[in-house]
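Asker: Make a model of this:
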Amino acid sequence: MSDSRYFTETDDVAKTLKEYAANHKTSLNRIDFDLVEYETQYKNADVQEWESVTGETENRLRDREFLLDPQLQLRQMYQIAIYKRSKPRKPLPVKIGANKTKTKVVAVVEKKVKLHYSKKLQTAIEESIQKQMLINGYLIGIWELKSHLREFFDVLEEAGTMAFAQRQYLPVSSAIPPVETVDGKLEYLYREDFSDEDIFGRKDYKKRGFAFGVKEGEPIIRYIKPKAGKNGRDCKGTFIQVPEPKEGELPDFNISDDIKREESEEAISFIAKKSGFVALEENNTFDIKRYMEVESIDFKATGDINVGIDKDVHLIVNGLDDMKDSVGQGIEVVAKEINIKQGTVGSGAVLHADKLNIAGITHQNSKVYGDDVTINVHNGFAAGKTVYVKRLEGGVIEGETVVVEQAVGGEIKGQKIKIEALTSNSLIYASNVIEVTELKGEDNIFTIDPFLVKGLREQIEELTKEKNRYEIARDDIREELQKKRKILKGSEAVAKQIRQRIQEDKEKDVKTPASYLEKIRKLKALIKSVRLLDEEVMLLNEEIERCQTELDIKQSIVFNAKVINKKDWKGYNTVAFSLITPEVVKETTTEGKKNVIMIKDTGDGEYTIESKDLEELERETEASEKKE
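Answerer: Numbers count the residues shown, from 1 in each chain. Here you go, the predicted model:
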């Protein structure tokens, strides 16, 4: 430090330091200052000129009512000594920061900085915090919180050296934070926000929200009541005036009997009494409805309609005519039930519903998903638990139970499949049964694939892994068991001699040597260990057998499956069976085959495909049921 010190009085330390640096043509980081003394001053309606805070007034600076007087002004006058430094100030790993309202100031200790405690370091950090407070215009000596810093230094002193994994925030000053004003606001909660933009700033107008589904008990509209805030004062001594609350848009509408009104101190809520969609009816009345009827769904008229499968909305699309799109290109529709009375489902359209009925035609690029699906003419993709298609024209169907009246090409996957009339070039996959009432063509491929059962592949993989684990554990124990049995067998003669010696000693009333008794003890322990290992092997064998039984049951799916043609097979068609273990495919053609085609396990690792008359199979099934 230089001997030349410049003393001055100021109420703005930062400004004074900048002026000094400019006048002396030096940078701010080459000057420093010491606080010599300071004085807090105030004025208000009663005190028109700045007056020093002393005695009773000093206590009033801690009085909330006094501080929240809008006419109260506070300032501090600082006597400081400014001096030049021969070297730039060495920065300390502690900086101050404040919240948005500047009503709380914290000291921030940077993470991963190693601190070695000394009294000199403590003094330097405390002085640095105070200087930063002054440079940033925060008042000192009024709202300071010294306990947090004291606790921090106590911990550091006890540890000697510390480095924190995370930043440490130590409150150093706290004034009076304001309580924000709450403006009155009408919130239409049922309306989803479709305002997201893509990377080019474009909004998807198709998702503009034509209708909104709600659940029973769900608030659909809420009016937040206006609430006055509370003024505050920040750590610079500045009064914080909060604005008066605005009333906002009021709930000036009517509600039907299916909506209930609940009021609290904070808000008025309007709650759906049943699932459905929100409708604004005549006389400005909000209602909850379950049946929505539209002429068509397209980009221009409605955009996407997503009222949720769980909202109990039944959507009826009347359609313009049979040859026009009732659901337009690229449109997505989601509802509990969808009923399309006529027209087409356009290219790229996607429908989701629990129950879905399409009386028209699906485009080849459309997709339909539901539990219960009915389609008149199908060219696209459909998936559901139960799927009924009147005419399949090259489309794809995936379901548990699938019924098709007429198939003229396409692909069907399911557990149980029934086709009334089948022409040519269809791919049909089932896990349980494929039944064709009348075959009118050829080049169809029928495949029994047990892996169409949901989750079967994962179950088999898990069972196989489990079985392998048990087999490895059993083989390890067997190896150990073999070694111990060998030791046990080699010890039989010695054990017999020792037992005889013990018996003789007992008859002679002579004490048996401890070494003999120890050998007998070890022998008994070995016998017990062998018995326990035998039991472990037995238990592991039981688990291996259980896994194998479960795998056999899974495998039996394919042996119980059937491909049935109720009339004669015509032309060239292929029937395939996908086995689980080994994972191979066995194929045959339908030429010369009887009505029912099955695969049989011959018991010697070989599998044969056989066929039977339908009447023969029915007789066998009836006889089997009688035996049971």
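Asker: all contacts plus neighbour counts: C-alpha atoms, from now on.
Answerer: Fine.
Asker: Packing partners of the strand or helix carrying residue 127?
Answerer: According to DSSP states H and E, residue 127 maps onto helix 119-135. If you count contacts as 3 or more Cα pairs under 8 Å, 6 or more residues apart in numbering; DSSP states H and E, helix 119-135 packs onto helix 13-23, strand 94-98.
Asker: okay, these in JSON lines with mean pLDDT and distance to residue 88 next?
Answerer: Compiled in JSON lines, those are given as follows (pLDDT from 0 to 100; distance: least, Cα to Cα, whole Å):
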{"stretch": "helix 13-23", "mean pLDDT": "95", "distance to residue 88": "13"}
{"stretch": "strand 94-98", "mean pLDDT": "93", "distance to residue 88": "17"}
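Asker: So for residue 137, which of the ones you listed sits nearest?
Answerer: helix 13-23 (7.5 Å; Cα to Cα).
Asker: got a list of what residue 51 touches?
Answerer: With contact taken as Cα atoms under 8 Å, 6 or more residues apart in numbering, residue 51 is in contact with 41, 42, 43.
Asker: Mind putting the residues you listed into JSON lines with secondary structure and neighbour count?
Answerer: Shown next, in JSON lines, are those (DSSP: H, G, I helix; E, B strand; the rest coil; neighbours: other Cα atoms under 10 Å):
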{"residue": "41", "secondary structure": "strand", "neighbour count": "18"}
{"residue": "42", "secondary structure": "strand", "neighbour count": "19"}
{"residue": "43", "secondary structure": "strand", "neighbour count": "17"}
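Asker: how long is stretch 307-319 end to end?
Answerer: End-to-end distance of stretch 307-319: 20 Å, with Cα to Cα, to the nearest Å as the criterion.
Asker: gap between that stretch and the chain center?
Answerer: Centroid separation between stretch 307-319 and its chain, computed with Cα atoms, centre = their mean, to the nearest Å, is 27 Å.
Asker: got any ranges where this structure has weak pLDDT?
Answerer: 1-3, 192-208, 495, 501, 504-505, 512, 516, 621, 623-628 (pLDDT under 70).
Asker: at 50 what do you get?
Answerer: Along the chain, segments meeting pLDDT under 50 span 1-2.
Asker: Which residue ranges of it form helices?
Answerer: Along the chain, the stretches classed as helices by DSSP state H are 13-23, 56-60, 64-67, 119-135, 146-159, 456-490, 492-507, 514-560, 614-627.
Asker: nearest to residue 231, of the ones you listed?
Answerer: helix 64-67 (10.0 Å).
Asker: List the buried residues for the closest one?
Answerer: By 16 or more other Cα atoms under 10 Å, the buried positions in helix 64-67 come out as residue 67.
Asker: Check stretch 102-119 too.
Answerer: Across stretch 102-119, burial judged by 16+ other Cα under 10 Å covers 102, 103, 104, 105, 106, 107, 108, 109, 110, 115, 117.
Asker: got a list of what the fifth one touches?
Answerer: Spelled out, that is residue 106. By Cα under 8 Å, 6+ apart, the contact list for residue 106 reads 96, 97, 98, 169, 170, 171, 172, 173.
Asker: Just give me the closest of the residues you listed to residue 72.
Answerer: Nearest to residue 72 among the contacts of residue 106: residue 173, at 19.7 Å, using Cα to Cα.
Asker: Quick one: residues contacting the nearest residue to the closest one once chain neighbours are set aside.
Answerer: In space, residue 173 comes closest to residue 144 once its chain neighbours are excluded; the distance is 4.2 Å by Cα to Cα, 6 or more residues apart in numbering. Neighbour list for residue 144: 172, 173, 174 [criterion: Cα under 8 Å, 6+ apart].
Asker: I'd like these as JSON lines, with distance to residue 304 and neighbour count appended.
Answerer: Below are these laid out as JSON lines (distance: Cα to Cα, whole Å; neighbours: other Cα atoms under 10 Å):
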{"residue": "172", "distance to residue 304": "55", "neighbour count": "23"}
{"residue": "173", "distance to residue 304": "55", "neighbour count": "24"}
{"residue": "174", "distance to residue 304": "53", "neighbour count": "19"}
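Asker: Kindly reformat those as a markdown table containing distance to residue 585.
Answerer: Shown next, in a markdown table, are those (distance: Cα to Cα, whole Å):
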| residue | distance to residue 585 |
| --- | --- |
| 172 | 77 |
| 173 | 79 |
| 174 | 78 |
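Asker: Could you double-check that residue 277 sits in contact with residue 212?
Answerer: Yes. Contact criterion Cα atoms under 8 Å: residue 277 and residue 212 qualify, at 5.4 Å.
Asker: between those two, what contacts are shared?
Answerer: With Cα under 8 Å, 6+ apart, residue 277 and residue 212 have common neighbours residue 307.
Asker: Who has more neighbours out of these two?
Answerer: Applying other Cα atoms under 10 Å to residue 277 and residue 212 shows that residue 277 carries more neighbours, namely 25 against 20.
Asker: bridging residues for that one?
Answerer: Counting by DSSP bridges, residue 277 is bridged to residue 213, residue 289.
Asker: quick one: contacts for the closest residue in space to residue 602 that isn't next to it in sequence?
Answerer: For residue 602, ignoring the flanking residues on the chain, the nearest one in space by Cα to Cα, 6+ apart is residue 608 at 7.0 Å. Contact analysis of residue 608 by Cα under 8 Å, 6+ apart lists 599, 600, 601, 602.
Asker: Would you check which pair of those lies furthest apart?
Answerer: Pairwise distances across the contacts of residue 608 peak at 9.5 Å for 599 and 602 (criterion: Cα to Cα).
Asker: For these two, indicate the residue with more neighbours.
Answerer: Remark: of residue 599 and residue 602, residue 599 carries more neighbours, 23 against 9, as counted by other Cα under 10 Å.
Asker: Tabulate the contacts of residue 106 in CSV, adding columns for distance to residue 239.
Answerer: Conversion of these to CSV gives the following (distance: Cα to Cα, whole Å):
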residue, distance to residue 239
96, 21
97, 20
98, 16
169, 25
170, 24
171, 21
172, 20
173, 16
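Asker: quick check, nearest of those to residue 453?
Answerer: Closest to residue 453, out of all of the contacts of residue 106 and judged by Cα to Cα, is residue 169, at 57.9 Å.
Asker: That closest one contacts residue 105, correct?
Answerer: No. If you go by Cα under 8 Å, residue 169 and residue 105 don't touch, sitting 9.6 Å apart.
Asker: re earlier: ok, so of the contacts of residue 106, who is nearest residue 422?
Answerer: Of all the contacts of residue 106, residue 169 has the smallest distance to residue 422: 76.2 Å, by Cα to Cα.
Asker: partners of the closest one in the sheet?
Answerer: Beta-bridge pairing for residue 169 (DSSP bridges): residue 108.
Asker: got it, and residue 185?
Answerer: Residue 185 forms beta bridges with residue 224, as assigned by DSSP bridges.
Asker: My read is that it contacts residue 227, right?
Answerer: No. Using Cα under 8 Å, residue 185 is not in contact with residue 227, being 10.9 Å away.
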